[in-house]
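Q: turn this into a model:
(chains A and B)
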Amino acid sequence: DVKVTQSSRYLVKRTGEKVFLECVQDMDHENMFWYRQDPGLGLRLIYFSYDVKMKEKGDIPEGYSVSREKKERFSLILESASTNQTSMYLCASSLTNEQYFGPGTRLTVT
Amino acid sequence: GENVEQHPSTLSVQEGDSAVIKCTYSDSASNYFPWYKQELGKGPQLIIDIRSNVGEKKDQRIAVTLNKTAKHFSLHITETQPEDSAVYFCAASGWGGSNYKLTFGKGTLLTVNP
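A: Numbers count the residues shown, from 1 in each chain, chains lettered A, B, ... in the order given. Below is the predicted model of the structure:
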């Protein structure tokens, strides 16, 4: 079974803090994705990576950056957290189009 | 880019009834259409998918139909059970190569009343 794990289920940070969200997959997948999920807006793609050290912007990259130093790990970075980044963050990985999701991190920025 | 519309946003049915969720997409080049189920407190999980060379696919109580001409696809759940209650997302993408990004609909909250 594919396993995608995220470092925290719940996170509370203050405005202006630098925030790291970590995602690890154990199936040697090339592709990894970060989404945010908000009520009524569905899943929106922030960034994705199709190889180590490779990344591409998704639909809403503003205010975020990513890092992929190892194939199994994909990190989402909020350089200076703001209240409008309060959301559920979902990581996914895939070999082809079938994406496997982690359980999500609910981030609250106060 | 691709745009996926999903309806309805909420759906309430009685146990044993059928449920249908519909999606339309805009990019005629899309040829892969998965459906995800998200239970409370969990990440989305793939439940069924269809590729454009197939018009219908079935897996026990779940079926998906695709009409490429009209650019719409639907999820059908028969004999619904309380454990089917969840948020369902449709999505669309190309297949293979660099076309592995999924564009998701906004989701449907399905409630099955016992």
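Q: what is the neighbour count of the residue of chain B found nearest chain A?
A: Ranking the residues of chain B by distance to chain A (C-beta to the nearest C-beta) places B:Gly43 first, at 3.4 Å. From N, CA and C alone the C-beta is placed, and that goes for glycine too. Neighbour count for B:Gly43, taken as other C-beta atoms under 10 Å in any protein chain shown: 21.
Q: need the pLDDT of residue 46.
A: Picked chain A for this. The per-residue pLDDT reported for A:Ile46 equals 96.
Q: that's the wrong chain, I wanted chain B
A: pLDDT, read off for B:Leu46, is 95.
Q: for the closest residue to chain B within chain A, give me its contacts.
A: When scored by C-beta to the nearest C-beta, chain A has A:Phe101 as its residue closest to chain B, at 3.4 Å. Counting by C-beta atoms under 8 Å, 6 or more residues apart in numbering or on different chains, A:Phe101 makes contact with A:Val4, A:Leu90, A:Cys91, A:Ala92, B:Tyr36, B:Gly43, B:Pro44, B:Gln45.
Q: can you tell me the helix or strand for the nearest residue to the last one once chain neighbours are set aside?
A: Just to be clear, that refers to B:Gln45. Distances taken as C-beta to C-beta, 6 or more residues apart in numbering or on different chains place B:Lys37 nearest to B:Gln45, at 5.5 Å, with adjacent residues excluded. Per DSSP states H and E, B:Lys37 falls inside strand B:32-38.
Q: from the contact counts, what lies against that strand?
A: strand B:45-51, strand B:62-67, strand B:86-92 (3 or more C-beta pairs under 8 Å, 6 or more residues apart in numbering or on different chains; DSSP states H and E).
Q: run the last query once more with 10 Å
A: strand A:99-101, strand B:19-25, strand B:45-51, strand B:62-67, strand B:72-77, strand B:86-92 (3 or more C-beta pairs under 10 Å, 6 or more residues apart in numbering or on different chains; DSSP states H and E).
Q: how distant is that strand from the center of its chain?
A: 5 Å (C-alpha atoms, centre = their mean, to the nearest Å).
Q: again, but for stretch B:54-70
A: With C-alpha atoms, centre = their mean as the basis, the mean position of stretch B:54-70 lies at 10 Å from the chain mean.
Q: equivalent analysis for stretch A:76-83, please.
A: 12 Å.
Q: and stretch A:59-78, by the same measure?
A: Distance of stretch A:59-78 from its chain centroid, counting by C-alpha atoms, centre = their mean, is 6 Å.
Q: got the buried residues for that stretch?
A: Neighbour counts using 16 or more other C-beta atoms under 10 Å in any protein chain shown place A:Tyr64, A:Val66, A:Ser67, A:Arg68, A:Glu72, A:Phe74, A:Ser75, A:Leu76, A:Leu78 of stretch A:59-78 among the buried residues.
Q: which strand residues bridge the first one?
A: This means A:Tyr64. A:Leu78 (DSSP bridges).
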